[in-house]
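[1] Mind folding the following:
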Amino acid sequence: MTWVVAALGSAMGWEPIAVHGEVTVHHDVVGGLSTYWVEGGNAFRAVLAFRVGMADETLSTRGICHLVEHLAIEPQQRLYTWNGWCAIDTTGFWAEGDRDEVLDYLSGVARLLHPLPRDRMVAERQVLATEGSQRGGSIVTTLLSCRWGARTYGAASYDEFGLFRLGEDETQAWADRYFVAENAVLFMTGEPPEGFSLELPRGERNSLPAAEPVSGLQLPTGISVGQGGVGVGMEVDRSPGTGLALALLSSAATARLRHELGVTYHVGSDYQLAGPDRAHLTIAADCLDTNAAQVADTLLAVIDKLASSGPEEAELELERERFRRAIKAPADALNWFAMGDLAGISRERLLEQVTSTNQVGGEDVAAVVKGAAERMIMIVPSHISLSSRFRPFPHFSERAVTGRRLRVKGMAGWLSARRAGVILGEEGLTAIYGDEQFATIEWSDCEVVLHWSNGSVVVIGRDGDRVPVLVDKFGRNGAQAALDELKRHVPADRFVLMPD
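    Here you go, the predicted structure:
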């Protein structure tokens, strides 16, 4: 065993917290690390979670949490189950098996975080790049980026560009800042041995980032893109009724779309924290493109009915009971309480939710859904037109910069001289796509500058706008002019040399 026995001088001061009449969670802060355990289950399971994830990354550092997670797990054969994860707002590690081997695994993780094994960095970057090349898109992350662009929660929709530029020192600095005791929780299904602690440096808790919407966003809105599914994303205030509202929407949509109409296989839902007091709810249904219009209309009808009339009491009680049963399961209650702590939710608020869920009425659920519908973003397949209830999505910028104009080369450029090109100005750059259709990115809003050895450049701005200056369209001189101007105005750490 390699876990550390701290010289605490006395028994750990475990404080019992009665989450429910049948479940007591025990808590203590050990070496700055908020630690929980509960009696329950045959297998011993332990989780070490840190409050840092994709929402904390920029586009030029996308993938850094994932890289740290891979580096912190020593590659070796094990006789128990284990893994790590990198999510939108957390990164963590877990194992399940014999108590000593599980705690030994997490101790090894803590040890490898500080310092990270630099000799494995090149290999793990290649492994992650390979994994990323196989990863498909997600309707949840697409909805997040539609609302928040290429920053914070919207950044999760983008590739891990940082894997192609992150160096050893920058990655270690990230681990030293975020993978610290005060920015983590440790929880397990069983009492740890006397004096157990993990070797983590001290630091500060990293709050959930606040998010700013994309410029010009007017709600409700939607986009037509892709195929094979319909989804709705809704930003709401967090309250005891929020989770129940999402569960009731999911149940009602499943009943109508799958069991009654037979036009979907699966209705999925997602609850994503989005700042100190907000959440983003997603309801999505897969479908054949021939059924997409019906699925979209039906999903909106389900939302509108719940917003106007609320749920039937029997439906609401079913979801209340589902929550009560979850909170009675020791492992689920432990996970819920510890991860709430990590997200910055106070103990009082967590305990209040346990009792207040029983008091949530149909009118409370209706109010949540009504507010959510007023701020929703809907995604439908590209061949479907959205109804008039939705405002136009701001696909383009309101203005173009003034300055030097790069024209498309050859006859195509001559024919489209006034309808296509790129403008390089003192404020930023603009891609022209047609009459009054611009994508403008100010220099200060450049999130990442992707460039290739052949000279091509793609700039992504904070709202998710893209300005491509490709060699095959603008020639080497045009692409080089854009790159030179970008280097004048944009910090060097936002440039990523992409593989060919």
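
[2] which residues of the stretch 351-500 of the chain score low on pLDDT?
    When the per-residue scores of the stretch 351-500 of the chain are filtered using pLDDT under 70, the ranges that remain are 410-419.

[3] which residues of it fall in helices?
    In the stretch 351-500 of the chain, the helices defined using DSSP state H, counting those that start in this stretch lie at 362-374, 410-415, 471-489.

[4] Nearest approach to Ala123 belongs to which of these?
    Nearest to Ala123 among the helices of the stretch 351-500 of the chain is helix 471-489 (30.1 Å), distances taken as Cβ to Cβ. For every residue, glycine as well, the C-beta is placed using N, CA and C.

[5] so which of the helices of the stretch 351-500 of the chain is the most packed in?
    helix 362-374 (a mean of 20; mean count of other Cβ atoms under 10 Å).

[6] which helices and strands does that one pack with?
    The contact analysis (3 or more Cβ pairs under 8 Å, 6 or more residues apart in numbering; DSSP states H and E) places helix 362-374 against strand 229-237, helix 240-254, helix 292-309, helix 313-328.

[7] Turn the helices of the stretch 351-500 of the chain into a markdown table, columns for distance to Ala252.
    A markdown table is the format used below for these (distance: least, Cβ to Cβ, whole Å):
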| stretch | distance to Ala252 |
| --- | --- |
| helix 362-374 | 10 |
| helix 410-415 | 51 |
| helix 471-489 | 49 |
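
[8] Nearest to Glu57, out of these?
    Taking Cβ to Cβ as the criterion, helix 471-489 is the member of these that comes nearest to Glu57, at 20.8 Å.

[9] what comes into contact with that closest one?
    Among residues not part of helix 471-489, those counted as contacts by Cβ atoms under 8 Å, 6 or more residues apart in numbering are 404, 406-409, 422, 424, 428-429, 443, 446, 449, 451, 454-457, 459, 469-470, 495.

[10] try 7 Å
    With Cβ atoms under 7 Å, 6 or more residues apart in numbering as the test, helix 471-489 has contacts from 406, 408-409, 422, 424, 429, 443, 449, 451, 454-457, 459, 469-470.

[11] What of stretch 66-76?
    Residues contacting stretch 66-76 (Cβ under 7 Å, 6+ apart): 84, 86, 91, 93, 108-109, 112-113, 116-117, 120-121, 124-125, 127-128, 160, 163, 166, 171, 174-175, 179.

[12] re the thing from before, mean neighbour count added to the helices and strands packed on helix 362-374, as a markdown table?
    Formatted as a markdown table, the helices and strands packed on helix 362-374 follow (neighbours: other Cβ atoms under 10 Å):
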| stretch | mean neighbour count |
| --- | --- |
| strand 229-237 | 23 |
| helix 240-254 | 22 |
| helix 292-309 | 19 |
| helix 313-328 | 14 |
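
[13] Thought Asp56 was touching Thr152, still the case?
    No: under the criterion of Cβ atoms under 7 Å, Thr152 lies out of contact with Asp56, with a separation of 8.0 Å.

[14] Give me the more crowded residue out of these two.
    Set Thr152 next to Asp56 and count neighbours by other Cβ atoms under 10 Å: Thr152 wins out with 24 against 21.

[15] Next up, the contacts around the residue nearest the centre of the chain.
    Of all residues in the chain, the one closest to the mean position by Cα atoms, centre = their mean is Ile88, 2.7 Å from it. When contacts are counted by Cβ under 7 Å, 6+ apart, Ile88 is found next to 53-55, 153, 156, 272.

[16] top of those residues by neighbour count?
    The most neighbours of any of the contacts of Ile88, using other Cβ under 10 Å, belong to Tyr153, which has 29 neighbours.

[17] which SS state does it fall under?
    The three-state label for Tyr153, taken from DSSP: H, G, I helix; E, B strand; the rest coil, comes out as helix.

[18] how far away is it from Thr254?
    Plainly put, Tyr153 is 26 Å away from Thr254 if you go by Cβ to Cβ, to the nearest Å.

[19] ok, how many other residues are close to Gln359?
    The number of residues packed around Gln359, counting by other Cβ under 10 Å, is 10.

[20] And for it, nearest residue in space, chain neighbours not counted?
    Taking Cβ to Cβ, 6 or more residues apart in numbering as the measure, Gln359 lies nearest to Pro240, with 7.7 Å between them; neighbours along the chain are not counted.

[21] just to revisit the earlier point, of the contacts of stretch 66-76, grab the buried ones for PyMOL.
    The following PyMOL command selects only the buried members of the contacts of stretch 66-76, with burial defined by 16 or more other Cβ atoms under 10 Å:
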select buried, resi 84+86+91+93+108+109+112+113+116+121+124+125+128+160+163+166+171+174+175+179
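
[22] Just the ones in helices from the contacts of stretch 66-76, please.
    Among the contacts of stretch 66-76, the members falling in helices are 108-109, 112-113, 121, 124-125, 127-128, 171, 174-175 (criterion: DSSP state H).

[23] if we can go back for a sec, give the residues shared as contacts by Thr152 and Asp56.
    Pro209.

[24] hang on, the earlier thing: turn the helices and strands packed on helix 362-374 into CSV, including distance to Glu39.
    Formatted as CSV, the helices and strands packed on helix 362-374 follow (distance: least, Cβ to Cβ, whole Å):
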stretch, distance to Glu39
strand 229-237, 35
helix 240-254, 26
helix 292-309, 39
helix 313-328, 13
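
[25] And these: which comes nearest Arg347?
    Closest to Arg347 of the helices and strands packed on helix 362-374 is helix 313-328 (Cβ to Cβ; 14.6 Å).

[26] Please pull up the helix or strand immediately following the closest one.
    helix 330-342 (DSSP states H and E).

[27] I'd like to know the average pLDDT value across that next one.
    Mean pLDDT, helix 330-342: 95.

[28] what's the answer for stretch 55-72, then?
    For stretch 55-72, the per-residue pLDDT averages 98.

[29] next one: stretch 221-240
    Model confidence over stretch 221-240, given as mean pLDDT, is 95.

[30] can you check stretch 195-206 too?
    Looking at stretch 195-206 alone, the average pLDDT works out to 95.
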